[in-house]
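# I'd like to go over a predicted model; first the sequence, then the structure.
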Amino acid sequence: MSETSGTSGTEHSQPGGYAAARLSLLQQEARPGPSRRAELARLTDDWLAALFTAAAPPRGTALVAVGGYGRGTLSPRSDLDLLLLHDGTAEPAAVAALADRVWYPVWDLGLALDHSVRTPAEATKTAADDLKVQLGLLDARPLAGDRGLVAALRTAVLADWRNQAPSRLPALHALCQERAERAGELPHLLEPDLKESRGGLRDATALRAVAASWLADAPRDGLADATRTLLDTRDALHLTTGRATDRLALQEQDQVAAALGVLDADTLLRRVYEAGRTLAYASDVTWRDVQRVLRARSARPRLRALLGGTKPQPERTPLAEGVVEMDGEAVLARTARPERDPVLPLRAAAAAAQAGLPLSRHAVRHLATAAKPLPAPWPAEAREQLITLLGAGEPTLAVWEALEAEGLVTRLLPDWERVRCRPQRNPVHTWTVDRHLVETAVRASALTRRVGRPDLLLVAALLHDIGKGWPGDHSVAGETIARDTAVRIGFDAADADVLAVLVRHHLLLVDTATRRDLDDPATVESVAKAVGSVSTLELLHALTEADALATGPAAWSSWRASLVADLVKRVAGALAGDAPRVARPTAPGAAEERLAVEALRTGEPVLDLHAEAAPQDGAPEPVGVELLIALPDQPGVLPAVAGVLALHRLTVRSADLRAIDLDPAFGSSAVLVLNWRVAAEYGSLPQAARLRADLVRALDGSLDVAARLAERDAAYPRRRGVKAPPPRVTVAPTGSAARATVIEVRAQDAPGLLHRIGRALEGADVRVRSAHVSTLGANAVDTVYVTSGDGRPLAGEEAAEVARGLERALSTA
């Protein structure tokens, strides 16, 4: 038998001995780290080698660790990737028996095992057919048996990898891109997959494979530390959960942070995000290098033939002062002097983004080390270059990441450090705070034709959440930071004031449009007073849309867009000197009057359900349908209608309820008219006749809506994730104090929520004048305008008691 390695004693060959030693190691007080991973790998090596040796292996066999185990990065719940290699001379039965003697003890301990039995020829053939197998074999490491056999396999696999690199590396790149599309971006996810996400451990493995091809190499700065951070986090996650999981779920983050000695879950996520960004940026740079080398290889023979054997020189195309394009990247010109040109970093970034090119890593590093700092305030050119960069659209993202990777962003904008890699623990948000700000600027770049000052719009987009790095209301903190930043980058005092207003009130339009009564003059007046001018209003309108679009799919829709546009139109009229629109007049519209007359004649509800026009701007969802309901005035209308809609799985996007008085010719009784906008959760809309029949039954008591909803709630699948916070009900201090009391409800969205709100308010003996509904992800914000029975606003203590009662009702629902 050839030279072997491994422990020949029996202590670790017994499963109980290894299990005890493994458990003792993993229960040590020491924090996860490279030393414990190495010790776990060594302990496992010794055990497996002892198992192999004790099985009296035939000549020409070896036990090989591959993949992550081959690299020695063994986490507590990692699979054991093993290859039993043989030269084909032993009897198949003997090889099979040897495999059983090694595999079964592993299974008996409950360890995950990825195993194979192959000859070197079989291994290389399988690797040629399966990229993942080839990647695993690149890290082959002998554990026991014939080392020469393993060395020969490694040599063959590496030679094949290098020879096949022009075809294998593009396939590996495509695999990485597909995985990133599926698993998302680690640097921005609230529950990142440490292994599969873009910037995760799979990318670290891919970078090792690229380096092994000798075709290109990854940037080494920070790469080892980033990989270690992710491995340490995965170790702590395995120990905390007791499972082989790579997803850092919300409910595990505090425990993982404690296991790593980190302050809290947010600090943990910031460390993970930093590591993910390092790996993601290194991957981007490396794959660009690979593509450049492959392009050069394919073009070089043709160019040399054309040039008579002379080595071709890469073409350099000017982009801006001191910046040229070369080999598909923006690089510094030979004449560039960053030590004398403080604007060059911004000019290079703007030129790259406007040209749709990546900014060369070597150029960014040179600028970070050699560029002269900008004076304060910035020269006008610097400010213009920043605005040019922000206005470039999608290419801004990659260029901004390059600047971030070398610390240039925080050098230009010192307050950026507090929002960098900061997680947002709101499921509506897709991105970290800093990435959301850049995404908002990207969205705003498409809206610059709608405003008179696109520069202010883009800078406001970049700064609107800058206060989230400070305690308290981020809009208030951000106002001060935005004003200071605006002065620093060279805006005059008037423009700085506008930017401060935009940041302070960046949530004003959408909050007001979706939560307040737009027919109330006080609503329009309060917005007009906060905004101050029509030009600022148009900027705020565009910023509102860009912010929502950059937040996530739940934050913007054609319905919200229409509400905000309606509010902006009313406020613009007020700012231009027109009187704001008052509440709807008593005289109903034609459709409402027709329904009201019919309801008064029959004494029963009358419904009209019709689709509204689809949006013309390619919005992802339609406005929905308008549902008009008229019925004789009576108690319990809001909970009955809301409950019936919930039973039919109709989502209420807006709701308005009011009483109207008809012409005396039709009688003197009041009729309630409800104007709703609804959309089906899924499937098609129900028939109006069916809705009406159920509403009649709900009003006469033959349909127990509450019981039906409770039955469905019991069967409704429980939401995953953290436990929802308790509902909160408050009396809004602003709005129509002279006409109604405004009560705001914040709660976990659920079927029938508006129904429960209506029931509770009816039980409090108050009249609901209107209801305004807004749903963001799993959170509902519903605003209701209520009065006493005689139509007057509630007194202070009475309003507070109604709010407390409603909160109690929702807490026990």
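Great, that's in hand.
# Please make it C-alpha for all contacts and neighbour counts, starting now.
OK.
# C-terminal to the helix-or-strand element of the chain with minimal mean pLDDT, what's the next element?
Ranked by mean pLDDT, DSSP states H and E, the helix or strand of the chain with the weakest confidence is strand 767-776, at a mean of 71. Toward the C-terminus, strand 767-776 is succeeded by strand 779-787 as the next helix or strand (DSSP states H and E).
# gap between whichever helix or strand comes after that next one and the chain center?
Counting by DSSP H and E, the next helix or strand C-terminal to strand 779-787 is helix 796-811. On the basis of CA atoms, centre = their mean, to the nearest Å, helix 796-811 sits 35 Å off its chain's mean C-alpha point.
# Which elements pack onto helix 796-811?
strand 728-731, helix 753-763 (3 or more CA pairs under 8 Å, 6 or more residues apart in numbering; DSSP states H and E).
# which strands and helices sit next to the least confident helix or strand of the chain?
helix 508-515, strand 650-661, strand 779-787.
# what is the rounded mean pLDDT of the longest one?
Per-residue pLDDT over strand 650-661 has a mean of 73.
# Give me whichever of the helices and strands packed on strand 767-776 is most buried.
strand 779-787 (a mean of 23; mean count of other CA atoms under 10 Å).
# Low-confidence stretches in the stretch 151-300 of the chain?
Residue ranges of the stretch 151-300 of the chain with pLDDT under 70: 299-300.
# Please apply the same query to the stretch 501-650 of the chain.
577-588, 611-624.
# Which parts of it are helices?
508-515, 521-531, 534-551, 558-575, 590-602, 637-647 (DSSP state H, counting those that start in this stretch).
# Kindly reformat these as CSV containing distance to Pro454.
Shown next, in CSV, are these (distance: least, CA to CA, whole Å):
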stretch, distance to Pro454
helix 508-515, 19
helix 521-531, 17
helix 534-551, 8
helix 558-575, 18
helix 590-602, 42
helix 637-647, 43
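# counting contacts, what elements does the helix or strand where Arg36 lies pack onto?
Per DSSP H and E, Arg36 falls inside helix 34-54. Contact partners of helix 34-54 among helices and strands, from 3+ CA pairs under 8 Å, 6+ apart: helix 15-26, helix 92-108, strand 141-145.
# export these to TSV and tack on mean neighbour count, distance to Ala348 and mean pLDDT?
Shown next, in TSV, are these (neighbours: other CA atoms under 10 Å; distance: least, CA to CA, whole Å; pLDDT from 0 to 100):
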stretch	mean neighbour count	distance to Ala348	mean pLDDT
helix 15-26	15	50	87
helix 92-108	15	57	96
strand 141-145	26	46	97
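# Pro345: which of those is closest?
Across those, Pro345 has its closest neighbour in strand 141-145 (45.7 Å, CA to CA).
# Mind listing the strands that closest one pairs with, and their directions?
Next to strand 141-145 in the sheet, as set by DSSP bridges, lie strand 61-65 (antiparallel).
# deepest of the helices and strands packed on helix 796-811, which one?
By mean count of other CA under 10 Å, the helices and strands packed on helix 796-811 have helix 753-763 as the most buried, with a mean of 21.
# tell me the angle of the least confident helix or strand of the chain relative to helix 753-763?
Computed by axes from the mean of the first three to the mean of the last three CA atoms, to 10 degrees, the angle separating strand 767-776 from helix 753-763 equals 160 degrees.
# CA atoms only: put strand 767-776 into PDB for me.
Listed next in PDB are the C-alpha coordinates belonging to strand 767-776 (Å, rounded to 0.1, in the frame of the first residue of the first chain):
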ATOM      1  CA  ARG A 767     -70.800  58.500  13.600                       C
ATOM      2  CA  VAL A 768     -68.200  57.700  10.900                       C
ATOM      3  CA  ARG A 769     -68.100  60.500   8.400                       C
ATOM      4  CA  SER A 770     -65.400  59.000   6.200                       C
ATOM      5  CA  ALA A 771     -62.600  56.400   6.200                       C
ATOM      6  CA  HIS A 772     -59.300  56.500   4.500                       C
ATOM      7  CA  VAL A 773     -57.300  53.300   4.000                       C
ATOM      8  CA  SER A 774     -53.600  52.700   3.300                       C
ATOM      9  CA  THR A 775     -51.800  49.300   3.300                       C
ATOM     10  CA  LEU A 776     -48.000  48.900   3.100                       C
END
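# could you measure the nearest residue to Arg383 once chain neighbours are set aside against Val745, distance?
In space, and not counting its chain neighbours, Arg383 is closest to Ile489: 6.0 Å by CA to CA, 6 or more residues apart in numbering. Plainly put, Ile489 is 41 Å away from Val745 if you go by CA to CA, to the nearest Å.
# swap in His429?
21 Å.
# repeat for Arg792
From Arg792 across to Val745, the span is 21 Å (CA to CA).
# and these two? which has more neighbours close in?
Between Arg792 and Val745, Val745 has the larger neighbour count (other CA atoms under 10 Å), namely 23 against 15.
# Does the more buried one lie in a helix or a strand, and which?
strand 741-748.
# buried set for stretch 258-274?
258-260, 265-274 (16 or more other CA atoms under 10 Å).
# hang on, I meant stretch 549-556
549-552, 554-556.
# Quick one: distance of that stretch to the chain centre.
10 Å.
# Likewise for stretch 128-143?
Its chain's C-alpha centre and that of stretch 128-143 lie 34 Å apart, by CA atoms, centre = their mean.
# Buried residues in that stretch, which are they?
By 16+ other CA under 10 Å, the buried positions in stretch 128-143 come out as 128, 131, 133-143.
# Comparing the helices of the stretch 501-650 of the chain, which comes out most buried?
helix 637-647 (a mean of 25).
# which residues touch that one?
651-652, 657, 691, 694-695, 698-699, 705-706, 708-709, 751-752, 754-759, 768 (CA atoms under 8 Å, 6 or more residues apart in numbering).
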